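*Asks:* Have a look at this prediction, sequence included:
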Amino acid sequence: MASYEVRITHSAEEELLKLDKSVVPAVWQKIKALAEQPRPRQCRKLRGTEKSYRLRVRGYRIVYTIDDKQRLVTIVAIRHRREVYRG
């Protein structure tokens, strides 16, 4: 399988910088792995969306979209589970 390009939105990048430092390496590991496998077994499709998924990393969630035609994964949010699904 050819790899996907992974992009991080500006807002997700800012959220990443605010994360607890102990969780950052695990988050980066999951993000990097999305290039080879954008739909890992532990990902979940978000209801009400066509291309949005989420991954769990400890108490945090990585929310991302997949564009198979362009082979692109876009990280749109990295937030604590209590905050990620709020409007």
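*Replies:* Sure, I can see it.

*Asks:* can you give me how far the helix or strand hosting residue 31 is from the chain middle?
*Replies:* Here residue 31 is covered by helix 24-33, with elements defined by DSSP states H and E. Remark: helix 24-33 is offset 9 Å from the chain centroid, using CA atoms, centre = their mean, to the nearest Å.

*Asks:* heads up, I number from 797, so please use that
*Replies:* Sure, I'll start counting at 797 from here, so that last one is helix 820-829.

*Asks:* for it, which positions count as buried?
*Replies:* 823, 826, 827 (16 or more other CB atoms under 10 Å). No exception for glycine: its C-beta is placed from N, CA and C like everyone else's.

*Asks:* nearest to residue 875, of these?
*Replies:* Residue 875 lies nearest to residue 823 out of the buried residues of helix 820-829, by CB to CB, at 10.9 Å.

*Asks:* Just give the closest residue to that closest one, not the sequence neighbours.
*Replies:* Distances taken as CB to CB, 6 or more residues apart in numbering place residue 853 nearest to residue 823, at 5.1 Å, with adjacent residues excluded.

*Asks:* And the one you found, how close does it get to residue 839?
*Replies:* Using CB to CB, to the nearest Å, residue 853 is found at 11 Å from residue 839.

*Asks:* re earlier: need the next SSE after the helix holding residue 827, C-terminal direction.
*Replies:* Immediately after helix 820-829, counting by DSSP H and E, sits strand 840-841.

*Asks:* Summarise which helices and strands whichever helix or strand comes after that next one is packed against.
*Replies:* Once the chain leaves strand 840-841, the next helix or strand it forms, by DSSP H and E, is strand 848-853. Here strand 848-853 touches helix 820-829, strand 840-841, strand 856-863, going by 3 or more CB pairs under 8 Å, 6 or more residues apart in numbering; DSSP states H and E.
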